[in-house]
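Colleague: my questions concern the predicted model and sequence given below.
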Amino acid sequence: MNSHCLATQTPTKRLGLPILLSTLVFAGSASASNLVPPAGYYAAIEKRSEAKAQSCAPVPTPYTDKLVFRSKYEGSGKARATLNKESEKAFRDSTANITALEKGISKQVMQYMRDGRPEDLQCTMQWLSGWAKADALLSTEYNHTGKSIRKWALGSMASAYLRLKFSESKPLAAYGQQSQVIEAWFNKLADQTVQDWSRLPLEKINNHSYWAAWSVMATAVATNRRDLFDWSVAQFRIGANQVDSEGYLPNELKRQQRALAYHNYALPPLAMIASFAQANHVDLTQENREALRRLAERVLSGVEDEDEFNAKAAQDQDMDDLQIDSKYAWLEPYCTLYRCSAQTLEWKQSMQPFKTFRLGGDLTKVYDPAHDKDKGS
């Protein structure tokens with residue numbers, strides 16, 4: 001095993017029958033309890049700012065049109081691996097307000113949880129409620145890129161919102177009515193996302209389905225929807241059972257020169273779902289003989305030496321995305337699920353803090369708050 005692979009162990013030993021029976025009883029009672037996030041989401045605001053209030057930026061115009069967009073891989077064939085710069089620009093232009101909302105919410109929540117400036121919280125609630133009241137992103141006219149945008153946006157917003165919803169500082173106490181409007185909208189988006197990504201044939205289930213499941217999991221916990229939680233867990237299990245004995249995802253190998261990058265891209269939603277499931281007494285680390293661990297080890301082995309991926313995908317791998325530290329944000333939840341090796345932990349620390357708006361902002365604050373706070377600040 002190469003130096004970046006993850007030394008892992010299962011979180012618990014095999015249970016004896018009496019303990020197993022009591023665990024099953026507990027799990028049954030837990031199913032009726034409120035859904036919760038991992039412990040880091042309860043963190044209080046770090047400090048209260050005395051800085052002079054600043055005005056809130058205008059709410060990006062809510063997107064209420066049909067969700068039909070060009071793909072940035074337009075014209076690249078079945079592998080969907082060759083970037084089309086013209087269609088990418090068209091895609092970026094047509095989704096600019098959606099991306100502005102996602103990134104803006106993430107930034108505002110991170111700033112608020114760090115500095116406690118009321119205007120950051122006020123902006124977040126204005127932006128989210130503005131889009132909620134407009135029933136944005138709910139069009140039933142969509143193509144594959146459009147339904148992908150919907151679930152990405154939902155995951156970004158709901159996962160950032162979780163830090164406000166569960167913080168022991170109770171920042172949403174004064175925003176009861178707006179919270180209801182926002183959460184009702186999240187539920188509509190999640191219900192549509194479930195409809196968008198259910199009943200797909202196995203050959204069509206790939207990282208998109210995992211990201212859809214993550215957006216639904218974040219919403220499930222934000223709105224206490226057990227049906228959404230169960231759907232997300234079911235999608236994780238489908239994904240875990242796609243991981244072969246060597247840690248490969250066959251549907252991501254189809255991406256040819258981007259196969260390794262897309263294996264890595266599949267890990268953030270899967271690791272987050274497993275982390276949230278664990279917080280609610282559902283252990284997904286053992287699915288398909290520790291499939292998540294096999295996938296992670298395969299990816300990190302490929303990052304260190306891509307030759308095996310080159311051979312498996314029959315293409316030299318495009319490593320550009322894999323030079324970006326934030327692409328490894330999945331290590332934060334992952335290393336709470338399994339025991340990572342000392343070298344992997346050191347490598348993780350060298351890249352911290354992990355900030356990615358698609359997972360709700362600063363994951364290092366949530367999963368590894370003891371890291372050097374001065375690093376990268």
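Modeller: That came in fine, so what should we check first? What you see is a predicted model; the values in this text were computed from it and never measured.
Colleague: who touches the residue lying closest to residue 328 once chain neighbours are set aside in this structure?
Modeller: Nearest non-adjacent residue to residue 328, counting by Cβ to Cβ, 6 or more residues apart in numbering: residue 351, 6.1 Å away. From N, CA and C alone the C-beta is placed, and that goes for glycine too. Remark: with contacts taken as Cβ atoms under 8 Å, 6 or more residues apart in numbering, residue 351 is in contact with 325, 328, 331.
Colleague: what's the pLDDT at residue 351?
Modeller: For residue 351, the pLDDT comes out at 97.
Colleague: what residues does residue 291 make contact with?
Modeller: 239, 240, 241, 243.
Colleague: now the residue nearest to residue 328: how far from residue 365?
Modeller: Going from residue 351 to residue 365 by Cβ to Cβ, to the nearest Å gives 15 Å.
Colleague: equivalent analysis for residue 161, please.
Modeller: On the measure of Cβ to Cβ, residue 161 and residue 365 end up 15 Å apart.
Colleague: quick one: which of the two has more around it?
Modeller: Legend: neighbour count by other Cβ atoms under 10 Å for residue 161 and residue 365, higher for residue 161 (26 against 23).
Colleague: check which helix or strand the more buried one maps to.
Modeller: Assigned by DSSP states H and E, residue 161 falls within helix 144-166.
Colleague: mind giving me the packing neighbours of that helix?
Modeller: helix 96-115, helix 118-133, helix 176-197, helix 207-223, strand 361-362 (3 or more Cβ pairs under 8 Å, 6 or more residues apart in numbering; DSSP states H and E).
Colleague: name the next helix or strand following the fourth one along the chain.
Modeller: As assigned by DSSP H and E, the chain's next helix or strand after helix 207-223 is helix 226-240.
Colleague: which positions in that next one come out as buried?
Modeller: Within helix 226-240, the residues that qualify as buried by neighbour count (16 or more other Cβ atoms under 10 Å) are 228, 229, 231, 232, 233, 235, 236, 237, 239, 240.
Colleague: what's the distance between the residue nearest to residue 211 when sequence neighbours are not counted and residue 194?
Modeller: Leaving aside its sequence neighbours, residue 211 sits nearest to residue 269 (Cβ to Cβ, 6+ apart; 4.8 Å). Residue 269 is 15 Å from residue 194, where distance means Cβ to Cβ.
Colleague: now swap in residue 110 and tell me
Modeller: 28 Å.
Colleague: give me the below-cutoff pLDDT ranges for the chain.
Modeller: 1-32, 50-53, 73-83, 372-377 (pLDDT under 70).
Colleague: picking that back up, where's the residue nearest to residue 211, which helix or strand?
Modeller: Here residue 269 is assigned to helix 259-279, by DSSP H and E.
Colleague: now that helix against helix 144-166, angle please.
Modeller: For helix 259-279 against helix 144-166, the angle by axes from the mean of the first three to the mean of the last three Cα atoms, to 10 degrees is 40 degrees.
Colleague: need the next SSE after helix 259-279, C-terminal direction.
Modeller: Past helix 259-279, the next helix or strand by DSSP H and E is helix 287-304.
Colleague: list the buried residues in that next one.
Modeller: Buried-residue list, helix 287-304, by 16+ other Cβ under 10 Å: 287-288, 290-303.
Colleague: tell me how far that helix is from the chain's mean position?
Modeller: 18 Å (Cα atoms, centre = their mean, to the nearest Å).
Colleague: quick one: residues contacting residue 168.
Modeller: Applying Cβ under 8 Å, 6+ apart, the residues contacting residue 168 are 42, 43, 44.
Colleague: scan the residues you listed and report the most crowded one.
Modeller: Of those, with other Cβ under 10 Å as the count, residue 43 tops at 16 neighbours.
Colleague: who's more crowded, residue 269 and residue 194?
Modeller: Neighbours per residue (other Cβ under 10 Å) separate residue 269 from residue 194, with residue 269 holding more: 29 against 20.
Colleague: any idea how far that one is from residue 217?
Modeller: Counting by Cβ to Cβ, the gap from residue 269 to residue 217 is 8 Å.
Colleague: residue 239 touches residue 210, doesn't it?
Modeller: Yes - contact criterion Cβ atoms under 8 Å: residue 239 and residue 210 qualify, at 5.2 Å.
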